[in-house]
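Asker: requesting a structural model of the entry that follows:
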Amino acid sequence: MTLHDSYKRNKAALLLNESICEENRQLWQEFFEYEEYKLKRKNSIPSLDEGCIKTLLTYVQRFKNLNNWLGNKPWVNLAKADIKQVYDRLEEGKIMNCRGKPVADRMSYYSKIMKSKPFKMAGKADLAAEVLEFYKPSENREVRFISEEIFRKIEMVINKVEYKALVWLSWDIGENINSLLRLRRKDFKRQSVDGRQPEYAINFPKNILKRSRTPRTELTNYQETVQYLDIILEPLDGEEHLFSFGYASSRKFLNRAIRKTHVKCVTGHKPTWKDFRSGMACHLLKIGWTRDEINARLGHKPSSPEIDKYITFLAIDRRRAKVKHEETTLIKLKDELEEVKLREKSYVLRIDRMLAEFDEDRKEKEQQIRILQDEARKGKRRDAIVLGFIQNRAKKGKIKDILKALYEEGLEEELLQMN
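Answerer: Model (predicted):
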């Protein structure tokens, strides 16, 4: 059964349900005619696409729920007290969903029905606005995402190659899981630019995306994504789908991996496929991507405020603030260490200079001593020569010759000194 068939069947079951008052069924019939026409014209399409059908299907279930909460009263006859009672019970957590937990998506009932076209058609929009006077959509919507560390823990316990390829695509590209499951072989182009590592250029055509997303081509960032895509793309032809399973199977194997690893989102919640997308956005913010670059990768317009909540959250992240403090302290300690090292280096240089000066002085003194010793040795030698000369002449008894020779040799002063 196609999504279109599902919508037709569920809408018919709602509008033909005789247990629901005829006034409300007639009102809803008129609304569906209006909404179907609006969706086609706003999106410039000749017939309803899957994105439009999904939107319409949500109205089927919301109308059914709100009708039960209002006691199946005709909406055209509702009093302010009727609307207020439902509003108060939703806000106080007294209305439960099918899992027995308080309805979480209250804003959809307020903004899409009570304060929107359905209640306007019933003539109750003004009453609803009075009741919802104090209601304000949360400006700081809950921020849920997984870190890269958590992602890798999940990926490690997944064994099937197809499943691994999907989790890597979800983390790497960050597109909606249903869009990833609809990708075909022809949407992938393997390339290697300027001799760099291989990558895939992945085309996201309009027909597989949510209406709010921009058709685009994205490049893979991780080599693991390339490796697993190589394996599962190799046997496929152009029109074949990349994955042979649907959303139910993908949710099942992801939940199994989460149970094995016991991991949680940063906010403490159980991770979902959507948290891979927001996790990728936060990771890119942390490593320096700009707001516009991330919006483009997510398929949003540059002016989209979707990324703002992550920017705000990461800016006030208490753990990050602590890390900043620790980094500042570390920088301070490093500066102090460098200062100590400089002082030690200066001290060592001063000691080396003093030792060099001492060594130079010592060498100079040693040189002076050697000169004195040489001079002393030379003086003694001269004395020995003079004495030997005199003795030699004296033996011959020629005093006159001695004096003459001394004079000729210029040794008279030495002779006088010897006497």
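
Asker: how about the helices in the stretch 151-300 of the chain?
Answerer: Along the stretch 151-300 of the chain, the stretches classed as helices by DSSP state H, counting those that start in this stretch are 161-173, 177-181, 223-233, 247-261, 273-286, 291-298.

Asker: any chance of those helices in a markdown table, plus mean neighbour count and mean pLDDT?
Answerer: C-betas here are computed from N, CA, C, even on glycine. Formatted as a markdown table, those follow (neighbours: other C-beta atoms under 10 Å; pLDDT from 0 to 100):
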| stretch | mean neighbour count | mean pLDDT |
| --- | --- | --- |
| helix 161-173 | 22 | 97 |
| helix 177-181 | 19 | 95 |
| helix 223-233 | 17 | 96 |
| helix 247-261 | 15 | 96 |
| helix 273-286 | 21 | 92 |
| helix 291-298 | 18 | 89 |
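
Asker: run a quick neighbour tally on the closest residue to residue 112 other than its chain neighbours.
Answerer: Of all residues not flanking residue 112 in the chain, residue 62 sits nearest, at 7.0 Å (C-beta to C-beta, 6 or more residues apart in numbering). Using other C-beta atoms under 10 Å, residue 62 has 16 neighbouring residues.

Asker: and residue 62, its phi and psi?
Answerer: When read as degrees, to the nearest 10, the backbone of residue 62 gives phi -70, psi -40.

Asker: residues contacting it?
Answerer: 108-109, 112-113 (C-beta atoms under 8 Å, 6 or more residues apart in numbering).

Asker: now, of the residues you listed, which are buried?
Answerer: Using 16 or more other C-beta atoms under 10 Å as the burial test, the contacts of residue 62 include 109, 112-113 as buried.

Asker: pLDDT and secondary structure added to these, as a markdown table?
Answerer: Listed next are the buried ones among the contacts of residue 62 as a markdown table, based on pLDDT from 0 to 100; DSSP: H, G, I helix; E, B strand; the rest coil:
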| residue | pLDDT | secondary structure |
| --- | --- | --- |
| 109 | 94 | helix |
| 112 | 93 | helix |
| 113 | 95 | helix |
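
Asker: out of these, which comes closest to residue 43?
Answerer: For the buried ones among the contacts of residue 62, the minimum distance to residue 43 (C-beta to C-beta) is 17.4 Å, reached by residue 112.

Asker: surely residue 187 meets residue 203?
Answerer: Yes - with contact defined as C-beta atoms under 8 Å, residue 187 reaches residue 203; the gap is 4.5 Å.

Asker: ok, the two, which is more surrounded?
Answerer: Using other C-beta under 10 Å as the criterion, residue 187 and residue 203 rank with residue 187 on top: 18 against 15.

Asker: can I see the domain layout of this protein?
Answerer: 3-131, 150-316, 320-413 (automatic domain parsing).

Asker: what's the closest of those to residue 143?
Answerer: Of the domains of the chain, nearest to residue 143 by C-beta to C-beta is domain 150-316, at 4.2 Å.

Asker: still on that earlier bit, a markdown table for the domains of the chain, including distance to residue 144?
Answerer: Putting the domains of the chain into a markdown table (distance: least, C-beta to C-beta, whole Å) gives the following:
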| stretch | distance to residue 144 |
| --- | --- |
| domain 3-131 | 13 |
| domain 150-316 | 5 |
| domain 320-413 | 17 |
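
Asker: re the thing from before, what's the closest of the helices of the stretch 151-300 of the chain to residue 28?
Answerer: helix 177-181 (26.7 Å).

Asker: from the chain's centre, how far out does the closest one sit?
Answerer: 22 Å (C-alpha atoms, centre = their mean, to the nearest Å).

Asker: residues in contact with it: which ones?
Answerer: Here helix 177-181 makes contact (C-beta under 8 Å, 6+ apart) with 166, 169-170, 173, 204, 208-210, 213, 241-243, 245-247, 250, 273-274, 276.

Asker: next one: stretch 251-270
Answerer: 142-147, 150, 153-158, 160, 163, 167, 271-273, 275.
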